[in-house]
Each structure stands twice: as C-alpha cells, then as structure tokens.
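Peer 1: Using only what follows, build the 3D model:
(chains A and B)
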Amino acid sequence: MHLKKIYCDIKKCLGCGSCEIACAVEHSKVKELNNAISESPLPIKRRKAEFIEEGVSISTGCHHCENAACVTACMSGAMYKDKKTDLTQCDKDKCVGCWMCIMTCPFGALTRLREEKIVLKCDLCPDRDKPACVEACPTRALSLGTFKEFKKLCNM
Amino acid sequence: MAKPTGNPINDELLKIAAQNNISTIWDRFMEQEPHCGFGTLGVCCKICNLGPCRIDPFGEGAQKGACGADSDTISSRNLARNAAAGAACHSDHGRTMAKTLLDVGKGIIKDYSIKDPAKLKRLASEFCIKIEDKSDLKIAEELGEAILKEYGQQEGELTLTKRAPKKQQENWKKTNVNPRGIDIEVVQAFSRTHIGCDNEYKHVLEAAIRASLVDGWGGSMIATELSDILFGSPEPIRAEVNLGVLKEDEVNILLHGHEPLLSDIIVTASQDKELVELAKKYGAKGINLSGICCTAAEVLMRHGVPMAGNFLQQELAIITGAVEAMIVDIQCIMPSLSEVAKSFHTKLISTSPKAKFVGMEHIEFHEKDALAIAKKILRIAIENYKNRDRSKVNIPKEKMTLVAGFTMENVFYNLGGSFRPSYRPLNDAIISGRIRGVAGVVGCDNPKNESGLCHADMVKELIKNDVLVVQTGCSGSACAKAGLLTPEAAFRFAGDGLKEICETVGIPPVLHTGSCVDNTRILTACCEMVKEGGIGNSIDELPVAGAAPEWMSEKAIAIGWYFVASGIFVVLGTPLRVLGSKNVTNYICNEIEQLYGGKWAFESDPIKAAHLMIGHIDKKREALKLKPLIYAKV
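Peer 2: Down below sits the predicted model:
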C-alpha cells in the first residue's frame, strides 16, 4: 500500500500512446526520439496504451504486485521482489526465457525480448525522478505515487 | 529543464512575468514537453475520419493506417500540406500587394503611390507589358492585372520562374514540378493529399515542391517586388534593435505581423503634426514606432524604424509596461498576447480582414482609407499614454545598432568602382578566394533551441570562415542584437578575406535583406551571380548554402523547399517532421540532390551546421576549380 508506483486514471486516459513512445525512448541507448528510432535493435517499450471500449482507454504496465504471480511462477529465480524498494524486478542474467511470468501476469505487463530470450518489464525508470511515461502523459492520467495518493488525486 | 533564452534582457523580463503570474511562450512550451512522438516523427495522420491513425516508430504496433497508408505516405502528405499552407500565406500576401497595385493604378486607392517607377517599368517589361509612353499609373494597372491573372492561371508557367537559370527551369520541367499558376498548386497540394488519393511518397512530394516554387518564384517574389514599387526600394540604413528601443517618455507603438501595407502608412501617419501635438498634449515627447517580426523588417528596411524584437519577444515587449499599443495584421502573432496585455495598459489592435484575435480590438484595415484608418489607430494609442502605470514600466537598457536595407539591386552597387552596379566584384571576390561563398541564414526563432543564440553562433562561425552571410526575418534581428549587422563586426568576427572585402566596401559581413517574403531577394541574387559568370552556370553550381537554425512556421517549410528545389543545400536546426519514414528522410536528404542539386540536412548544433554549409561550399568551389582561399589557415 505504501509502494510508489504508476497509476492510470482511466477517466483521463485518451489512449494516445505517448506513454509507450516515452517508455521506448527512455529504454533506448541514446534516450532521444529522433535517433532512438534508428537504433538496432529497436528499443522496446514496457508499457501499453490499450483500448477497452468506446471512449475508454488505459495505459498499463507492471503493477509491482504485493504477492506477485510472476515471482512465484519464475523457475530460475530471475523475477524477485526488491527487499529495499518492494519493486518487482527481473535479473536479466538469471532469466532463461521460459515465459512463465508472462503466462501468469494478470495485467499482460511483461514483454518478450525474443532474440535474447529474456523478459522486459517496467523498472520505474531508475535514472529519472519521475518515470518517462508519467512525464509524457499529456492529460496527466498517469501519476507516480502510493495508492492512497492516487485515490486522493482522482477523488475516489 | 529550464532553458535560458540566450538574451539577458529576456530573462530579466521573464522574472517580472513570473512575479506577476504571466505565462509566456517559454512556460507554455515547457508544459508541452515532451512533444508527441508521433507528431514529431510525422507519422500521425489526421486526414480522414477512419483515424486518427498512428504508425508505431518502434515497429511493434501498427505499421499502417486504417486505409493502408504507411509512414512514407503519411509523413509525405503531412509535409506537403505544411508546405502548401506556408506557400498560401506568402501568396496571399503577394495577392494583397497586387490588388493594391491594381487599385492604385486605377485611381481607386489614393493613399499609396508608385515610389519606385524604375522598378515598376522593369517588372512590367518582364510581364511583357508595353511601356511606350504610358503613365506610371497605367503601367501599374496593367501590371496588377497581369499578376493577378497568374493567380488564377490554369496552365502555362509563371513569369518570374523565367528569372531562374536555364538549368533550374529544365530541372523543374523534367521532374514535373514547374508551377502552372499560383492558386492551383496550393489547391492541388490539398486535393492530392485527401484520403485515398496520391500516396506514392515521391509523387506526393512533387505537390510540396510545386506549391513551394509558387511561393518563392511567385507569391513571395511578387510581394517583395511590389512592396519595393509601392513603398520604395530599400537603401542601406542605420537603425537600432532590441527592447531598449522603447522610450520612457514617448508613446510607444509596436507594429507586429507581416504585410507592409498598414505599417508603412502608419509610419507616414506618425509624422502627422496634429498627432504629434496630441501626443505632446498627453505629456509624451513624441511618437516612437518600433517593429516585431517581419513587419519590423519591412519598416526597418525602408524607414529605419527600430526593431523592438523578434517572434519570441512579442510578449516581453508588452511586459515592459511601456507599450501604448501593439498593432497586428497576420502571421506569427501569438494568441496569448491578449492574456499578457491584461496585466498592463497596452491596447491590442487587430487590423486584417484575414485575422481576428480573441481579446483584441478589431479595427479593420482597408487600403482605400489607409491613411484615415492609420490615424484613427494612432489616436487610440496616443490617448492610451495617460493610462501607463509608471510603477510597472521596466524598459531594458540594451539595444544595438545595425545597418539594414540591402537588396539584390543595391547590395553590390555598394561595392562601387568602375563596375557598378554589377555582381562582378562579388563574383571576383569569390573567384580570387577572399570570400569562400555566400550563406543565407534565415527563419524564425524557437524555444526548442536551448541557447536561443543559434543564429548568432552559426553566423559568427560562417563569417569567421570567410562566408558572406545574407539574412531575413527573425534570424536577422537575432544577429542584429548580437551586433553582427554592423560594419565593425567585420573586424571583430570575420575571416581575413571577408574582412578585406567588407573594409573596402564598407558593408557589414552580414547583410539584412528584409522580411520572410524577401528571401526571394536571395533567389534573385543567386540568379545575378550566375548571370555575372565565373562561379557556376546554374544556382546549384554556386558556392552557396542556406540554413534556418530555429525554424518553426509552415512558411519556413515552403521557403526551405523552394531553395532546395532551386538547387541550394538547406540545413535545419530541428528536423522536418518526416523522420518516422526512412524512405522520405533519405529521399529529401540525399536522393533529391540528383534531381535539383539541392537537398535538406538536419543538425541541431549551430557550429556543426555551419560546417556542413562550409563543407558544401568547399565542395562547390572544388567542382568549379576555384583557387584556394587566400587567407586559409594552413
């Protein structure tokens, strides 16, 4: 409950995909749009803007669940809860690409990096104060904070 | 990320803005960051209601719009529409001038006259009008008619494209972009890019080039020529620039926008004895006119009216608290002005039938009553002097002198000697290796550029390397503020060869040639350089290059395109919005050179960009087998 993570207010989300682009750019080598698009391999986003029904969209990514299904399902021990931050992290060196985490994640928040047979996920942008997607959201639908703060933000 | 504006007086006024909760372009710009990635890359298509559709630049998501358009089609269509809108602006500007010329000739408009009859006759001859013993007014009438006819022309070609060297004309015909009429090409750029129409990107871009050629060799060139005829051809003139030109004890009136019809007559009206007396009655010492944007360039070039600032400074001018009225017409006028003006006594007056602004008083300008309307507007400004709140006045001290007023006719006339007036001295200076080449540095200013000093940095680097620089628009005022438009700048900044020429002739190393329609003076100058001989038989062979380091408007896209299609290498500070398509990017930055001799390049570092231009100029010098530079560093 006290973990700061990314929330999406679906009343504000337009499904524009700005979060996806910002995520891919942040996880590129150059971290700059105009040049990121010509990198090889292309940078991969860890966030999805999805259409739910007419007029409703949502931007989703890893929810850093308390009892994370992906961590339980991981056979190599690559997926783990960081003891200090409570974030769900993936140790690339241990990942064997069995995709069990993808099977179990209720949010479809994990992405395959086929060539390297590893899984990619939201890392909350460790190099930034605020995750790139949150900063890029033109309607401020995305926010970083605790669940309590999020509830307050959208008057729930 | 806080971006310094590159100008300490801007920063000073921005502090006042912040204290008073006034939002400026820099604040709003930051709120827009990061800019939409799809839009930046040109892969968002809003043309039809199957969409809006976007192409995922990272390859995972959709690669085609609902209709099947890919990133090549989408980005080329967007670019063509931008170019057409830019060309439309300049062509409409030219249309207004042509209509005015016609009505002056018919005697319907009496407040303007023919100020440069020699140029009128020269242009009339180009349009195959028999001069004989016709009066100036009769010639004006016939010329006005002939020009307006080209706006509605359906086939054939534009008269002024014949000014271009043969090779350029052949290139245009060969690639099927030679414009048939002025309006038709703008209309067709839109019809071709409708849903389900032209989608082969190279073919779509033909529409962009046609529309842009209509701008450069049509609308803009007409606007420049007719402005010279109606308001007088500029002569070199000394003036001042920057917000320090505003005066504590005079009625400050800012002229902002583009068309010179209103601004020029306001200059005349401001000398009206009755109005000057009125200003004195209200306790002011006089009427102080100054300009913003290209209107500034128009009245600077012809009357030496000081330039208060460029595009980015329009809000700051009001924040000085010392402006009684800002009079605007069209283009580059920020909708935010009325919000800024709420905190001050400044009256904002819109005048063009083409543009109204929320929160501004609209006094529509009609050429037939030009002088009367100009006086009415000035009266409102003068009467507002009493409302100035002295406690809010913060006029910065900084100002700089400059010499402007160079045209393709007069610029090398100034080179003097037995050859005058001819381009021989310039061509000789290039051939002998004193001047490396010529660069046009033009265009807008844009908060995207971190230092805000891109223009000055680039131009300093160019003149240091013996490249003579010609300028227009907001780029000109940026460099003027940096002191580069004075003859003395040659001693401080220019390379030895360029310095020698500037010293001999007494010109600055950087020549201000006017507003954004006056970029056509650069085209005409290129034609003259070709005609004079010795440095290439067509524009694409000349050792010249162009740049718009801080471009932002659609007009800049049209201008860039007409230079590229006329054979000139053009460097932009931020890329055109086409990078989402590798094919389109490669086509306009590489392949297109084989068709026109010109091409685009994108480089955000002004020094690196300057060296791209220098490299290009050197390549051309080498192809012409010109001598090495006399004072080249070993």
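
Peer 1: Give me the below-cutoff pLDDT ranges for chain A.
Peer 2: Along chain A, the parts satisfying pLDDT under 70 run over A:1.

Peer 1: got the residue ranges for the strands in it?
Peer 2: Shown for chain A, the strands assigned by DSSP state E span residues A:5-8, A:48-53, A:56-60, A:79-81, A:88-90, A:111-113, A:118-120, A:142-145.

Peer 1: Format those as JSON lines; extra columns: distance to chain B and mean neighbour count.
Peer 2: Backbone N, C-alpha and C define where each C-beta goes, glycine included. JSON lines is the format used below for the strands of chain A (distance: least, Cβ to the nearest Cβ, whole Å; neighbours: other Cβ atoms under 10 Å in any protein chain shown):
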{"stretch": "strand A:5-8", "distance to chain B": "16", "mean neighbour count": "22"}
{"stretch": "strand A:48-53", "distance to chain B": "9", "mean neighbour count": "14"}
{"stretch": "strand A:56-60", "distance to chain B": "13", "mean neighbour count": "18"}
{"stretch": "strand A:79-81", "distance to chain B": "22", "mean neighbour count": "19"}
{"stretch": "strand A:88-90", "distance to chain B": "19", "mean neighbour count": "23"}
{"stretch": "strand A:111-113", "distance to chain B": "9", "mean neighbour count": "16"}
{"stretch": "strand A:118-120", "distance to chain B": "12", "mean neighbour count": "20"}
{"stretch": "strand A:142-145", "distance to chain B": "13", "mean neighbour count": "20"}
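
Peer 1: export those to a markdown table and tack on distance to B:Thr73?
Peer 2: Converted to a markdown table, the strands of chain A look like this (distance: least, Cβ to Cβ, whole Å):
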| stretch | distance to B:Thr73 |
| --- | --- |
| strand A:5-8 | 32 |
| strand A:48-53 | 23 |
| strand A:56-60 | 26 |
| strand A:79-81 | 42 |
| strand A:88-90 | 39 |
| strand A:111-113 | 29 |
| strand A:118-120 | 31 |
| strand A:142-145 | 31 |
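
Peer 1: so who does the nearest residue to B:Ile539 once chain neighbours are set aside touch?
Peer 2: Spatial nearest neighbour of B:Ile539, chain neighbours left out: B:Gly567 (3.9 Å); criterion: Cβ to Cβ, 6 or more residues apart in numbering or on different chains. Neighbour list for B:Gly567: B:167-168, B:171, B:538-542, B:596-598 [criterion: Cβ atoms under 8 Å, 6 or more residues apart in numbering or on different chains].

Peer 1: gap between the two ends of stretch B:534-543?
Peer 2: Stretch B:534-543 stretches 11 Å from its first residue to its last (Cα to Cα, to the nearest Å).

Peer 1: Check the offset of that stretch from the chain's centre.
Peer 2: Relative to its parent chain, stretch B:534-543 has a centroid offset of 24 Å by Cα atoms, centre = their mean, to the nearest Å.

Peer 1: and if you look at stretch B:492-505?
Peer 2: Here stretch B:492-505 shows a centroid-to-chain-centroid distance of 26 Å under the convention Cα atoms, centre = their mean.

Peer 1: Name the residues that touch that stretch?
Peer 2: By Cβ under 8 Å, 6+ apart, stretch B:492-505 touches B:414-416, B:425, B:429, B:433-436, B:460, B:463-468, B:483-484, B:487, B:490-491, B:507-509, B:629-631.

Peer 1: and the contacts of B:Gly567, which are buried?
Peer 2: Buried positions within the contacts of B:Gly567, assessed by neighbour count (16 or more other Cβ atoms under 10 Å in any protein chain shown), are B:167-168, B:171, B:538-542, B:596-598.

Peer 1: Need the per-residue pLDDT for whatever residue of the stretch 151-300 of chain B ends up closest to chain A.
Peer 2: Using Cβ to the nearest Cβ, the closest approach of the stretch 151-300 of chain B to chain A is made by B:Tyr201 at 17.3 Å. According to the prediction, B:Tyr201 has pLDDT 98.

Peer 1: again, but for B:Glu541
Peer 2: The model's pLDDT for B:Glu541 equals 98.

Peer 1: That one touches B:Ala623, doesn't it?
Peer 2: Yes. Between B:Glu541 and B:Ala623 there is a contact under Cβ atoms under 8 Å: 6.9 Å.

Peer 1: Tell me the residues of chain A that contact chain B?
Peer 2: For chain A, the contact set with chain B under Cβ under 8 Å from any Cβ of the partner chain comprises A:16-18, A:20-22, A:24-25, A:33-34, A:37-38, A:42-45, A:132, A:135-136, A:138.

Peer 1: In helices, which of the residues you listed appear?
Peer 2: Using DSSP state H, the subset of the residues of chain A next to chain B located in helices is A:18, A:20-22, A:24-25, A:33-34, A:132, A:135-136.

Peer 1: Which of those residues lies at the shortest distance from chain B?
Peer 2: A:Ile21 (3.4 Å).

Peer 1: For residue 50, which non-adjacent residue is closest in space?
Peer 2: By default, I'm working from chain A. Using Cβ to Cβ, 6+ apart, the nearest residue to A:Glu50 is A:Ile58, at 5.6 Å.

Peer 1: The chain in question should be chain B.
Peer 2: Per Cβ to Cβ, 6+ apart, closest to B:Leu50 is B:Ala66, 3.8 Å.

Peer 1: what helix or strand is the one you found on?
Peer 2: For B:Ala66, there is no host helix or strand (DSSP states H and E).

Peer 1: That one and B:Cys53 touch, don't they?
Peer 2: Yes. Counting by Cβ under 8 Å, B:Ala66 touches B:Cys53, with 5.5 Å between them.

Peer 1: neighbour count winner among those two?
Peer 2: A direct count of neighbours by other Cβ atoms under 10 Å in any protein chain shown for B:Ala66 and B:Cys53 places B:Cys53 higher, at 20 against 14.

Peer 1: Okay, the residue nearest to that one when sequence neighbours are not counted and chain A: tell me how far apart.
Peer 2: In this structure, B:Cys53 finds its nearest non-sequential neighbour in B:Gly65, 3.3 Å apart by Cβ to Cβ, 6+ apart. Using Cβ to the nearest Cβ, to the nearest Å, B:Gly65 is found at 14 Å from chain A.

Peer 1: Now for B:Gly65: which residues touch it?
Peer 2: With contacts defined as Cβ under 8 Å, 6+ apart, B:Gly65 is in contact with B:45, B:50-51, B:53-55, B:74.

Peer 1: tell me the domain ranges of chain B?
Peer 2: Split into domains by automatic domain parsing, chain B comes to B:71-231, B:243-392, B:402-623.

Peer 1: List the single closest residue to the residue of chain B found nearest chain A in space, sequence neighbours excluded.
Peer 2: Across chain B, no residue is closer to chain A than B:Gly37, which sits at 3.4 Å (Cβ to the nearest Cβ). Once flanking residues are discounted, B:Gly37 sits nearest to A:Ile21: 3.4 Å by Cβ to Cβ, 6+ apart.
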